[in-house]
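Colleague: Structure, please.
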Amino acid sequence: MNTTKVIHTLIHALTISLFIACSAPLKPISDARQNYVIGTGGYNKSAVDIDSIILPYRIPLQQTMNEVLAISDTQAVKGTPESNLGNLVCDLLLKHSEKLLGKPADIAFYNTGGLRIELPKGKITRSMIFELAPFDNELVSINVLGKDLSSFINLIAEKKGPIAGFTLGISASGAHQVKIGNQAINPEKVYTIISNDYLINGNDGYKMPRYSDRKNLKIKLRDALIEELQAITTNKQQLHPRTDGRIYFLDTP
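Modeller: Numbering: from 1, shown residues only. The predicted model follows:
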């Protein structure tokens, strides 16, 4: 092919391309669909056959999930401004913080909406804790100066708990009579707060105060709860979900 012919061919191809690009978009003249069965005769496994495949996995899983972690002497229920279920979760979280940090955190908090079920009197199984805390949120600790705690404490008053490690009264104007470890807040002291990453990251309206030394503790909330419940049983103790007046309503500031 000579040079002139090549040039003409290229010009022709470019002209067609430009025409197509500038023309109205093409539309299908029909959207008729047809379903096709892949394979010969489809999938005919019976429910019995499928069950036999699942069975070797189901039995060990059921045994694990039915494991009794602890015995509770009363039902643990949700409520505000204080509940024995919220207290229980935060107390166990505060207790577990010592294993993770080398010393207990000063404050533990959670969100009432994160308590997905209530716990019965009697046997508390692993599956119940998975239902109580079904999300894969991991524990996080932060350090906050006492002088920076005011906004956080007022947020807790607005959310109405649950908490552990401190007490406060709630009025229409916010939090009052706050004590951490039975002591008034020291503006120059560093306080350690523990909760899950979902809340520490500011979700569910939990805006955190200025903080330092964030530690991602690499354990899920529910696994920490499970470990603490197992320890209670190992020590031949029962679970005692209780309210103790740690967060309460005030008529006046």
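Colleague: can we go C-alpha only for contacts and neighbour counts from here?
Modeller: Will do.
Colleague: Under a three-state scheme, what state does Gln177 occupy?
Modeller: Secondary structure of Gln177, reduced to three states by DSSP: H, G, I helix; E, B strand; the rest coil: strand.
Colleague: How many residues are close by it?
Modeller: 12 (other Cα atoms under 10 Å).
Colleague: per-residue confidence for it?
Modeller: According to the per-residue confidence, Gln177 scores 95 in pLDDT.
Colleague: what does Ala172 give?
Modeller: Ala172 is assigned 89 on the pLDDT scale.
Colleague: where's it relative to Leu115, distance?
Modeller: Counting by Cα to Cα, to the nearest Å, the separation of Ala172 from Leu115 is 25 Å.
Colleague: same check, this time on Asp223
Modeller: Per Cα to Cα, Asp223 is found 15 Å from Leu115.
Colleague: where does this protein dip in pLDDT?
Modeller: Residue ranges of the chain with pLDDT under 70: 1-48, 55, 59, 252-253.
Colleague: higher neighbour count, Ala172 and Leu115?
Modeller: Between Ala172 and Leu115, counting by other Cα under 10 Å, Leu115 is the more crowded of the two (20 against 12).
Colleague: contacting residues for the residue lying closest to Val144 once chain neighbours are set aside?
Modeller: Distances taken as Cα to Cα, 6 or more residues apart in numbering place Tyr211 nearest to Val144, at 4.8 Å, with adjacent residues excluded. Contact criterion Cα atoms under 8 Å, 6 or more residues apart in numbering gives 142-145 as the residues in contact with Tyr211.
Colleague: Tabulate these in TSV, adding columns for neighbour count, secondary structure and distance to Glu98.
Modeller: Putting those into TSV (neighbours: other Cα atoms under 10 Å; DSSP: H, G, I helix; E, B strand; the rest coil; distance: Cα to Cα, whole Å) gives the following:
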residue	neighbour count	secondary structure	distance to Glu98
Ile142	21	strand	14
Asn143	20	strand	15
Val144	22	strand	18
Leu145	18	strand	20
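Colleague: Tell me the one of those residues nearest Ser72?
Modeller: Nearest to Ser72, judged by Cα to Cα, of the contacts of Tyr211 is Ile142 at 31.3 Å.
Colleague: any idea how far the spatially closest residue to that closest one that is not a sequence neighbour is from Asp73?
Modeller: For Ile142, ignoring the flanking residues on the chain, the nearest one in space by Cα to Cα, 6+ apart is Arg214 at 4.5 Å. Using Cα to Cα, Arg214 is found at 36 Å from Asp73.
Colleague: same deal with Gln237?
Modeller: Distance check for Gln237 against Asp73: by Cα to Cα, it reads 10 Å.
Colleague: Ala172 now?
Modeller: Look at Ala172 and Asp73: by Cα to Cα, they are 35 Å apart.
Colleague: Going by secondary structure, the nearest residue to Gln238 once chain neighbours are set aside is in what exactly?
Modeller: Nearest residue to Gln238, sequence neighbours excluded (Cα to Cα, 6+ apart): Ile71, at 5.3 Å. With the criterion set as DSSP states H and E, the secondary-structure element containing Ile71 is strand 68-72.
Colleague: which other residues reach that strand?
Modeller: Counting contacts by Cα under 8 Å, 6+ apart, the residues outside strand 68-72 that touch it are 120-126, 226, 229-230, 232-233, 238-241.
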